[in-house]
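Participant: turn this into a structure:
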Amino acid sequence: MPSPLKYSKVILHLFPNLKLHILPYQLQFKYPFSIAHGIRTCTDAVFVAIEKDGILGYGEATLPPYLKDNQSTSIAFLQNIEIEKLYNRFILNIELFDDSITDMPAKASIDMAFWDLKGKLENKKVSAYFDQTTKQKLIFSTYTIGISSEDELKSKLADASDFRLIKLKLNGKNDKDLILNFRKYCNKPFAIDVNQAWTNLDEAKKMHDFLLAQNCFLIEQPFEKSDIKKTKELKQHSQLPIIADEAFQTIDTLVQIADAYDGINIKLMKCGGITNAFKIIQEAKKLELKILLGCMSESACGCAAAASLQSFADWTDLDGPWLLKNNPFHDYTLEHGEIMTLQNNGLGITTSLFQ
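Facilitator: As a prediction, the model looks like this:
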């Protein structure tokens, strides 16, 4: 369980041309977030701001308890980086970190802060650096509902009223009951995320047929991440796309899982930021894998960073700010079911955290 820390004083590092602000924070859920392998009420995070000429670029490292990294390790990493050297590498389009550095959330926070800063200094949205079309594609995000009682489900659905798509967490125990409860109160299309909880292939096939009849459009991580054989057999049976989450971590695993899955869930916290996510997207498309852009319940900072790549995605699950009761970043909103950022440069978000 994350520490009770809410947020504390900004740690400030001064360099000749840049300032690095580091702020520990605790993101608190509106409702306890329950999945197949546990429940939590909050998530520790570290926000960063990189300041140049009075302009701040924002980044986020979100650290759910199942990761090996935590606030202490991420802060220690951030305190010891050579921020100006990294910034110069970023400007020259050189890899920021070598592969020996495995704190992906902290790496992601620096990468997205650099992109936000670049966009603000050049008066350009981050998405425009990647998508050269005149009209960027916007797609509907799902709203994630953890494993819930019937009363909890009704409350959560009320909060999700502006979303057109829902994602349901399942636990492999009473999945049909959870879906039938959902269908009592909502007729929207939905995805499911099993978080590796299914174990029996025959039962999974039967569940697939039930889901198809209920207007489900996606199955995420049905079996244990190393069980490629069962997943591949389910894929051969399935009319629904099977998406890898826990089974997909880095670009090196794409070829290993490509035959067993139809697509991958890319999260900035597990791949190290926007730059790496874009590289993964390019390689995944070569393998004809579909793209789900997801999050680890980040604030609007991390979700806006991921949303800068949404025009390359088949689906997004970037609902973190709506699951939280203390999201500190603004201007990340939903319009007609689509994720939007209102500001015209950088990641399109604002905050008073570092004032």
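Participant: in stretch 91-103, which residues are buried?
Facilitator: Leu96, Phe97, Asp103 (16 or more other CB atoms under 10 Å). All C-beta spots, glycine's among them, are computed from the backbone N, C-alpha and C.
Participant: from the residues you listed, pick the one nearest Tyr66.
Facilitator: Taking CB to CB as the measure, Tyr66 sits nearest to Asp103 out of those, at 14.8 Å.
Participant: can you pull the contacts of the closest one?
Facilitator: Contact analysis of Asp103 by CB atoms under 8 Å, 6 or more residues apart in numbering lists Ala61, Asp69, Thr73, Ser74, Phe77.
Participant: strands - which of the residues you listed land there?
Facilitator: Taking DSSP state E, the ones among the contacts of Asp103 that sit in strands are Ala61.
Participant: show the buried residues in the contacts of Asp103.
Facilitator: Applying 16+ other CB under 10 Å to the contacts of Asp103, the neighbour count classes Ala61, Asp69, Thr73, Ser74, Phe77 as buried.
Participant: quick one: the closest residue to the third one other than its chain neighbours from Leu178, how far?
Facilitator: Nearest in space to Thr73, with sequence neighbours left out and distances taken as CB to CB, 6 or more residues apart in numbering, is Asp103 at 6.4 Å. Noted for Asp103: a distance of 35 Å to Leu178, by CB to CB, to the nearest Å.
Participant: packing partners for the biggest helix by length in the chain?
Facilitator: With secondary structure taken from DSSP state H, the chain has its longest helix at helix 104-121. Counting contacts by 3 or more CB pairs under 8 Å, 6 or more residues apart in numbering; DSSP states H and E, helix 104-121 is packed against strand 38-52, strand 55-63, helix 71-79, helix 83-91, helix 126-130, helix 268-271, helix 274-286, helix 300-307.
Participant: report the distance from the third one to the chain centre.
Facilitator: Computed by CA atoms, centre = their mean, to the nearest Å, the separation of helix 71-79 from the middle of its chain amounts to 21 Å.
Participant: cool, and the longest one?
Facilitator: Going by CA atoms, centre = their mean, the spacing between the C-alpha centre of strand 38-52 and its chain's C-alpha centre is 13 Å.
Participant: could you dump it to CSV, C-alpha only?
Facilitator: Below are the C-alpha coordinates for strand 38-52, written out as CSV (Å, rounded to 0.1, in the frame of the first residue of the first chain):
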residue,chain,number,x,y,z
GLY,A,38,-5.7,-6.5,-5.1
ILE,A,39,-7.3,-3.2,-4.1
ARG,A,40,-5.9,0.2,-3.4
THR,A,41,-7.2,3.6,-2.5
CYS,A,42,-4.3,5.7,-3.7
THR,A,43,-1.2,5.7,-5.8
ASP,A,44,2.1,7.4,-5.0
ALA,A,45,3.5,9.7,-7.7
VAL,A,46,6.4,12.1,-8.3
PHE,A,47,5.8,15.2,-10.4
VAL,A,48,8.6,17.1,-12.1
ALA,A,49,8.8,20.5,-13.7
ILE,A,50,11.8,21.5,-15.9
GLU,A,51,12.1,25.2,-16.1
LYS,A,52,13.8,27.2,-18.8
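Participant: list the buried ones in it?
Facilitator: Arg40, Cys42, Thr43, Asp44, Ala45, Val46, Phe47, Val48, Ala49, Ile50, Glu51, Lys52.
Participant: could you check the angle helix 104-121 makes with it?
Facilitator: 40 degrees (axes from the mean of the first three to the mean of the last three CA atoms, to 10 degrees).
Participant: do the fourth one as well
Facilitator: Counting by the same axes, to 10 degrees, helix 83-91 lies at 70 degrees to helix 104-121.
Participant: same check on the last one?
Facilitator: An angle of 80 degrees separates the directions of helix 300-307 and helix 104-121 when computed by the same axes, to 10 degrees.
Participant: convert helix 300-307 to PDB, retaining C-alpha atoms only.
Facilitator: Provided in PDB are the C-alpha atoms of helix 300-307 (Å, rounded to 0.1, in the frame of the first residue of the first chain):
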ATOM      1  CA  ALA A 300      -4.000  14.600 -16.300                       C
ATOM      2  CA  CYS A 301      -0.300  15.200 -16.800                       C
ATOM      3  CA  GLY A 302       0.600  11.600 -17.600                       C
ATOM      4  CA  CYS A 303      -2.600  11.000 -19.500                       C
ATOM      5  CA  ALA A 304      -2.200  14.200 -21.600                       C
ATOM      6  CA  ALA A 305       1.300  13.000 -22.500                       C
ATOM      7  CA  ALA A 306      -0.100   9.600 -23.700                       C
ATOM      8  CA  ALA A 307      -3.000  11.400 -25.500                       C
END
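Participant: which strands or helices does the longest strand along the chain pack on?
Facilitator: Criterion DSSP E: the longest strand present in the chain is strand 19-35. Packing contacts for strand 19-35, counted by 3+ CB pairs under 8 Å, 6+ apart, involve strand 11-14, strand 38-52, helix 71-79, helix 150-159, helix 320-323.
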